[in-house]
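*Asks:* 3D model of this:
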Amino acid sequence: MKETLIRVWKDPVWSKIISAVLLAFFAIIYNTIIAQYNNTNFSLEFVKFWLIKINLWIVILIMITTYALSYYVNKPKVKIKFVYDSETLELDRKLFNHIRHDLITKETLDDLYNNTFSSNSFEREKFNFISITLSESENPEFEFLNPELEIAKLELITAIAKFRSSSVGAIYSAPSHGDIGFYGIPKEWDQERFYAAMDKIELEEKNVFEKAERLIKLGRRILKI
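*Replies:* A predicted model of the protein is given here:
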């Protein structure tokens, strides 16, 4: 409920509507109290309220105050730079090396770069990095302590998950061509279906490569390994 109210309040349209409603509500309450206090008519006090003359300097002061408050509330929050100590550095280095040496290896990067999974039949073992990486990503310890590296890692995991989804219904075991132990897009499909599957897989294949390359470059720069 709280999140819904915050989202509505931040909406540029609804925030104006809510502000107008609140202003009208407080104006009615104010004029009701004044009418009771002065023993006068509510309608008269309501009209008098909206006809109050305000000095120009007061208007300018209100505008400046409103702008200052708006700037203070909406100004970008200062990000606290993450700083390693010897133990946290070692933990992130260990995870980084595990990802690039055991999960997304140089061979896997080459396969992704060369569109091996979308353009050719390939050994089944080459596809194992998907299930292994996604499985390990569910482990709470599969996390970088450095926020930049963690974001890059999450982007890579998301890309791998999309790559797996794109292969469902498109990549099968390929024993019919004597490629025992191989996977690939069925060669017996008609051209339209074959190339549609190939284009879809190639797109996600490229995305995984780009996210993996970004994580590796970022990790080498931050972790200095």
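
*Asks:* what's around the closest residue to residue 181 other than its chain neighbours, how many residues?
*Replies:* Distances taken as CB to CB, 6 or more residues apart in numbering place residue 124 nearest to residue 181, at 5.7 Å, with adjacent residues excluded. Heads up, the C-betas are built off the backbone N, CA and C, glycines and all. By other CB atoms under 10 Å, the residues close to residue 124 number 13.

*Asks:* all strands for the chain, in order.
*Replies:* For the chain, the strands defined by DSSP state E occupy 122-123, 172-173, 182-184.

*Asks:* and these, which is most packed in?
*Replies:* Mean neighbour counts were compared across the strands of the chain using mean count of other CB atoms under 10 Å; the top stretch is strand 182-184, at a mean of 18.

*Asks:* Which strands or helices does that one pack on?
*Replies:* Using 3 or more CB pairs under 8 Å, 6 or more residues apart in numbering; DSSP states H and E as the contact test, the elements touching strand 182-184 are strand 122-123, strand 172-173.

*Asks:* how does the chain divide up, domain by domain?
*Replies:* For the chain, automatic domain parsing gives the domain ranges 2-74, 86-223.

*Asks:* helices and strands around the top helix by length along the chain, which ones?
*Replies:* When the chain is parsed with DSSP state H, its longest helix is helix 191-223. Judged by 3+ CB pairs under 8 Å, 6+ apart, helix 191-223 is in contact with helix 86-98, helix 106-113, helix 116-119, helix 147-167.

*Asks:* Quick one: neighbours of residue 43, just the number.
*Replies:* Neighbours of residue 43 (other CB under 10 Å): 10.

*Asks:* same deal with residue 106?
*Replies:* 10.

*Asks:* thinking again about what came up before, list the contacts of the residue nearest to residue 181.
*Replies:* Applying CB atoms under 8 Å, 6 or more residues apart in numbering to residue 124 gives the contacts 173, 181-183.

*Asks:* picking that back up, which one of the strands of the chain lies closest to residue 153?
*Replies:* strand 122-123 (25.1 Å; CB to CB).

*Asks:* Now do that closest one: which elements does it pack against?
*Replies:* For strand 122-123, the packing partners by 3+ CB pairs under 8 Å, 6+ apart come out as strand 182-184.

*Asks:* List the contacts of the strand it packs on.
*Replies:* Contacts to strand 182-184, defined as CB under 8 Å, 6+ apart, come from residues 120-124, 127, 171-175.

*Asks:* Please repeat the previous calculation with a cut-off of 10 Å.
*Replies:* For strand 182-184, contacts defined as CB atoms under 10 Å, 6 or more residues apart in numbering pick out 116-127, 167, 170-175, 177.

*Asks:* Run me through the strand neighbours of that strand, direction for each.
*Replies:* Paired strands of strand 182-184, with direction, are strand 122-123 (antiparallel), strand 172-173 (antiparallel) (DSSP bridges).

*Asks:* Output these in a markdown table, with mean pLDDT and distance to residue 102 appended to each entry.
*Replies:* Formatted as a markdown table, the strands paired with strand 182-184 follow (pLDDT from 0 to 100; distance: least, CB to CB, whole Å):
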| stretch | mean pLDDT | distance to residue 102 |
| --- | --- | --- |
| strand 122-123 | 88 | 18 |
| strand 172-173 | 78 | 25 |
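
*Asks:* Who are the contact partners of residue 128?
*Replies:* Residue 128 sits next to 103, 108 when contact means CB under 10 Å, 6+ apart.

*Asks:* gap between it and residue 171?
*Replies:* Per CB to CB, to the nearest Å, residue 128 is found 13 Å from residue 171.
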